[in-house]
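Colleague: Kindly generate the corresponding structure for this input.
(2 chains)
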Amino acid sequence: MDLLSTLRMAFRALARNKMRTLLTTLGIIIGVGAVIAMVGIGQGADQTMQKQIANLGSNMLFVSSGSRNFGGLRIGWGATKTLVRADVAAMVKECPAVASAAPGTQTTAQVVYENDNWGTRITGTTPEYFDIRAWPFQGGVSFTDEDVATASNVAVIGDTVRKNLFATTDPIGKTIRIGTLPFMVVGVLVAKGQSPAMSEDQDDIIIVPLTTLQKKITGQPWLRFVMLSAKSRSASYAAKEQIEALLRDRHRIRPGQDDDFTVRNLADMADLASEASKVWTVLLGSIAGISLFVGGIIIMNVMLISVTERTREIGVRLAIGATEADVQRQFLTEALVMSLIGGVLGILFGVGLSFAISFTLEWPILISPGAIAGAALVAMAVGIFFGFYPAQKAAQLDPIEALRYE
Amino acid sequence: MGASRVNSLPVPADDPATDQNNVVIQVEDIHKIYHLGETEVHALRGVALQIKRGEFVAIMGASGSGKSTFMNILGCLDRPNSGRYLLEGTDVSKLDKVQLAGIRNRKIGFVFQGFNLLARTTALENTELPTLYARINKAEREQRAVEALKMVGLAERMDHFPSQLSGGQQQRVAIARALVNRPSLLLADEPTGNLDSRTSVEVMEIFQTLNDRGLTIILVTHEHDIAQFARRSIVFRDGKIRRDEAITGRAIAAEVLKSMPVLED
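Modeller: Numbers count the residues shown, from 1 in each chain, chains lettered A, B, ... in the order given. Got it, this is the predicted structure:
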């Protein structure tokens, strides 16, 4: 029998039991939908992450005090007091891959301007910080090295702080209070948005000279972090190794002993950021796998029922000249068409699911044609694999007994 | 696939005993034994038979007489354990499954007791079914199906589903389906078993008309009245042919119908 007639026959047979066909394909629908959503989310997360990391500053490295912890960048902060400004000076001097470095420490404080107040993060650092993070000003200027040397009360504020304390007023030259100390606002940074990995608002920040924070607010002479820039993007790996070696040497850490600091380059941060999307990928991947498997078994089961129901039809077909191969092809085609229907509905479902998830997580919508083609192929493979046994059973019916079947 | 398997059929055996042009069925000493667990059932015990072109044979016999087994062998649905069966000179007992399917498709038309039409499929499409397995192009398939339906007087109801047709009409669709590939042999297994007496005679009228046009028909029936429409009757008992004779005082369906009361169709 030619392909067109076989297909027509399959569609007709499936149209006879529309509800059954739909329910049978449900497993495939969910499986294919999950595959497409999975790939869409993976790629959406990837793209978002790339954008956010580019936003962090080019060739950036980040050294934090305390040991490495995969749970997040901040855990372990301040646990050690060994990271000091002399280390930073040594990094710039002795690590050839390092271009510049900005030491930093951080605390939180309540900030007051006139009648408004706002709790925010206070970072103390040096003017290099703004260059390393490629963070331009929307108004005013950075504080200077002179300000750092003299521990003067000047501050650069982030956009969120500006919005909360100043609303429509120009903050430049105004005096705010951090804790009990007055600070003059010298600069306002442009908005950067959410940071990758740690979902914190990067603009909710006030940056003051390192020495001011250390001496007048926290009273702690050690550093919590160092921001560095490598000489090039490719140099960031060399920079990481050089810094690690230098710090181990300077902190007298013996071989085998754990570091008391953590160095991350952009690639490390990318790994961290992809953790979230990995959870989704694993979840949806499992759903897809299980659904496709169960969906295949449902198809097999329903096809077996169908073969039994249509025993006489098979007998007639064999009697009037269908070969075993004809009958087998007929039932295989039915299983295949059924799984393809599931595949098409599943693709629609998956696209819808991707839209829903990307809307919730505010990720860009990415529907890859490759995933759609792949999902369709997988659906077909499931149809052929699970349709084979029922089709085989149909083809091997004895025509005489099949014709007698009641 | 259809075309190739028909082309691959062996050339008819050059047997001087068989007149190729006239003999449709030549059966020589056929035995068939079924194994049902431990017991052996000797269904056919040496059946020999010759049926010529244009014959109308009624095969009769009680159940267990071997007539169904014989029909299955004639229809190439089953193979004998020993003996030879030549259909139009071809020894079909030597053919493989695919070749047998080709024979069933092209040379034999089947009519069953239960009509066996596909549900929710029009009369035309039901009739077309065997042509699908014969690799005939779409236009000719439809033309042949329409012709066959005209032959059984159902041209007006081509688009009806079986559920919209009476039993007699359904059986006529089944006959059209059996005729569509222009077979050399029509095998009817209890074709009137599910029909009332008038409809039965109407079906026999169609058979007689087809037979008058030269079609060879073999009819299995247990109804003596129905057998009277054939030209020759063969009676099976205990796996052997007990009687094989020409029918005298043959009934003509067209005339019988005139004497029957007209019922709602």
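
Colleague: which non-adjacent residue is nearest residue A:141?
Modeller: Of all residues not flanking residue A:141 in the chain, residue A:187 sits nearest, at 5.2 Å (Cβ to Cβ, 6 or more residues apart in numbering or on different chains). C-beta coordinates here come from the backbone N, C-alpha and C atoms, glycine included.

Colleague: tell me how far the helix or strand harbouring that neighbour is from the chain's mean position?
Modeller: For residue A:187, the host element (DSSP states H and E) is strand A:181-189. For strand A:181-189, the distance between its averaged C-alpha position and the chain's averaged C-alpha position is 35 Å (Cα atoms, centre = their mean, to the nearest Å).

Colleague: go on, stretch B:157-167?
Modeller: Mean C-alpha position of stretch B:157-167 versus that of the full chain (Cα atoms, centre = their mean) differs by 22 Å.

Colleague: Is it positioned near chain A?
Modeller: No - Stretch B:157-167 stays clear of chain A (Cβ under 8 Å from any Cβ of the partner chain), getting no nearer than 11.4 Å.

Colleague: Neighbours of the residue nearest to residue A:141, how many?
Modeller: Neighbour count of residue A:187, defined by other Cβ atoms under 10 Å in any protein chain shown: 20.

Colleague: Tell me if I'm right that it and residue A:159 touch.
Modeller: No - between residue A:187 and residue A:159 there is no contact under Cβ atoms under 8 Å: 11.6 Å.

Colleague: in which helix or strand would I find residue 50?
Modeller: If you meant another chain, say so; for now it's chain A. Residue A:50 is part of helix A:26-56, with elements assigned from DSSP H and E.

Colleague: wrong chain, I was asking about chain B
Modeller: Assigning secondary structure by DSSP H and E places residue B:50 in strand B:39-52.

Colleague: Can you point out the buried residues in that strand?
Modeller: B:43, B:44, B:47, B:49, B:50, B:51 (16 or more other Cβ atoms under 10 Å in any protein chain shown).

Colleague: Can you pull the residues of chain B lying near chain A?
Modeller: B:1-2, B:5, B:72, B:75, B:77-78, B:97-98, B:101-102, B:104-106, B:110, B:112, B:114, B:116, B:118-121, B:129-130, B:132-135, B:177-178, B:181.

Colleague: Would you state the strands of chain B in chain order?
Modeller: For chain B, applying DSSP state E gives strands covering B:23-36, B:39-52, B:56-61, B:82-87, B:90-91, B:108-111, B:185-189, B:216-220, B:232-237, B:240-246.

Colleague: what's the answer for chain A, then?
Modeller: Per DSSP E, chain A carries strands over the ranges A:60-65, A:98-113, A:116-125, A:137-140, A:154-157, A:175-178, A:181-189, A:205-209, A:225-230, A:261-265.

Colleague: got those strands as JSON lines, with mean pLDDT columns?
Modeller: Listed next are the strands of chain A as JSON lines, based on pLDDT from 0 to 100:
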{"stretch": "strand A:60-65", "mean pLDDT": "86"}
{"stretch": "strand A:98-113", "mean pLDDT": "91"}
{"stretch": "strand A:116-125", "mean pLDDT": "92"}
{"stretch": "strand A:137-140", "mean pLDDT": "92"}
{"stretch": "strand A:154-157", "mean pLDDT": "95"}
{"stretch": "strand A:175-178", "mean pLDDT": "92"}
{"stretch": "strand A:181-189", "mean pLDDT": "94"}
{"stretch": "strand A:205-209", "mean pLDDT": "94"}
{"stretch": "strand A:225-230", "mean pLDDT": "90"}
{"stretch": "strand A:261-265", "mean pLDDT": "84"}
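
Colleague: For stretch A:136-144, measure first residue to last.
Modeller: In stretch A:136-144, first residue to last residue: 15 Å (Cα to Cα, to the nearest Å).

Colleague: to the chain's geometric centre, what's the distance from it?
Modeller: From the chain centre to the centre of stretch A:136-144 is a distance of 32 Å (Cα atoms, centre = their mean).

Colleague: which ones are touching the residue of the stretch 151-265 of chain B found nearest chain A?
Modeller: For the stretch 151-265 of chain B and chain A, the shortest gap (Cβ to the nearest Cβ) falls at residue B:177, measuring 7.0 Å. Applying Cβ atoms under 8 Å, 6 or more residues apart in numbering or on different chains to residue B:177 gives the contacts A:320, B:109, B:117, B:126, B:127, B:129, B:130, B:148.

Colleague: One more: residue A:242?
Modeller: When contacts are taken as Cβ under 8 Å, 6+ apart, residue A:242 is in contact with A:94, A:95, A:96, A:97, A:98.

Colleague: Point out where the chain drops to low pLDDT.
Modeller: I'll assume chain A. A:54-58, A:67-79, A:195-199, A:267, A:269-274, A:276-277, A:365 (pLDDT under 70).

Colleague: you looked at the wrong chain, it should be chain B
Modeller: In the predicted model of chain B, residues B:1-21, B:262-265 satisfy pLDDT under 70.
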